[in-house]
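J.: The following block contains a protein sequence and its predicted model.
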Amino acid sequence: MSFLAAERAVAIDAVLRASRVCQQVFRQLVDGETITKSDKSPVTAADFGAQAVVNTVLHNSFPNDAVIGEEDSKDLRGDTGKQLREKVLSLANSVLDMPLDDKKLLEAIDRGSHPGGAKGRMWALDPIDGTDGFIRGDQYAVCLALIIDGHVQLGVMGCPNLPVDSKVPEGERGCLFVTVKGQGAFQRNFTSAEETQIHMADISSPSDALFCESVTPSHSSHGDSAKIASLLNVTKPPIRMDSQCKYSTVARGDADIYLRLPTSMHYEENIWDHTSGSLLVQESGGIVTDIYSKPLNFSLGRKLKENKGVIVAHSKIHSQVIKAVQKVLFGE
Ligand SMILES: Nc1ncnc2c1ncn2[C@@H]1O[C@H](COP(=O)(O)OS(=O)(=O)O)[C@@H](OP(=O)(O)O)[C@H]1O
Ligand SMILES: [Mg+2]
Ligand SMILES: [Mg+2]
Ligand SMILES: [Mg+2]
């Protein structure tokens, strides 16, 4: 059996089930069902349901593994959380083989509270990355990755709204991206287990590149990215897309550069916003660093404490992109 074959199969199963939860919620989502968290970001029943489902599936196969997950059960507890808790419970049970009760639901969600670190096996989970996109009906992703001794070894990303073939945007939607370090990057759809290897587009000059970046300007500076594009003589307008679908879009050759440019030097990126996506790009021919050209360091806890921003490009042009980034950000 190949390296991490069992983990790969379990992670695919977990992400497919969690994606079904998200799709169900979207069909039923009504105004007023979004909670605003203390950092002003949104969360829905689907974020909690997807985290409960992934953590339950992982626990059934790998009970000793730690999980670093975005959500916690605070908003689902007590009388005030009863209505949401019931909804999340019924959603989770609709895709699980063995039903959870209230207690097991909350426990499953809170198994995502691991602090992270440099030693051992730990899964990083973003039950919905791009919750803003999810609420709008745009792109979002269920992102799960396995980190061993501080290095991402396996990544699975479910993108329910992403067209299977970008040349047929109105065609079938729902892509699953799977990668194990050293084994390449693969795409399949939600309805068949057949996998196709993906590669970044072979590009030799940044001027031919297509950029992608966040939709929300507070997540990545649109102004700085326009200056970088102009310095690199890029003429095509950027693709704006929510979530780690940006990484998968670059990995399968539909865009060439992903820039995440800090809007504040105080913001620390969450590891779950980059774990599966960064391995996917590396396994399809790209380089992922921060704005200082440092590799992303996933061994320092729940945040990328020693990195600022993220710069993704094909290995042939990454150093030229970094030069332009540094010129615009630091005048170097
Ligand atoms: N200030 C700031 N800077 C950078 N990143 C931030 C910031 N604030 C929040 N977040 C995180 O952004 C995650 C969503 O990123 P996206 O690239 O999808 O942004 S966007 O939706 O396209 O605007 C989002 O992930 P989810 O909460 O999982 O959606 C947040 O973890
Ligand atoms: Mg969030
Ligand atoms: Mg996220
Ligand atoms: Mg999230």
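T.: Nice, I can see it. Computed from a predicted model, the values in this text were never measured in an experiment. Ligands and ions are numbered 1, 2, ... in the order given.
J.: So I322 sits against I311, correct?
T.: Yes - if you go by Cβ atoms under 8 Å, I322 and I311 touch, sitting 6.1 Å apart. All C-beta atoms are positioned from the backbone trio N, CA, C, and that covers glycine.
J.: quick one: which of those two has more around it?
T.: Using other Cβ atoms under 10 Å as the criterion, I322 and I311 rank with I311 on top: 23 against 18.
J.: Okay, now the unreliable bits of the protein?
T.: Scanning the chain for pLDDT under 70 picks out 29-32.
J.: still on that earlier bit, give the intersection of the neighbour lists for I322 and I311.
T.: Both I322 and I311 are in contact with 289, 291, 293, where contact means Cβ atoms under 8 Å, 6 or more residues apart in numbering.
J.: quick one: which of those residues is nearest K82?
T.: For these, the minimum distance to K82 (Cβ to Cβ) is 44.9 Å, reached by I291.
J.: Now for the closest one: which residues touch it?
T.: By Cβ under 8 Å, 6+ apart, the neighbours of I291 are 261-262, 308-309, 311, 322, 325-326, 329.
J.: which residues in the protein form strands?
T.: 35-36, 42-43, 66-69, 121-129, 141-148, 151-163, 173-180, 185-189, 196-198, 211-213, 239-240, 257-260, 286-289, 310-314 (DSSP state E).
J.: before we move on, back to that, where neighbours are concerned, which of the contacts of I291 has the most?
T.: Neighbour counts for those, by other Cβ under 10 Å, peak at V325, which reaches 27 neighbours.
J.: how about it, what does it touch?
T.: Contacts for V325 (Cβ under 8 Å, 6+ apart) come out as 228, 259, 261, 291, 311.
J.: Can I get those in TSV including distance to ligand 4?
T.: Compiled in TSV, the contacts of V325 are given as follows (distance: Cβ to the ion, whole Å):
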residue	distance to ligand 4
I228	27
L259	20
L261	20
I291	23
I311	22
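J.: gap between the residue in the stretch 201-332 of the chain that ligand 4 sits nearest to and M265?
T.: Nearest residue of the stretch 201-332 of the chain to ligand 4: W272, at 7.2 Å (Cβ to the ion). W272 sits 21 Å away from M265, going by Cβ to Cβ, to the nearest Å.
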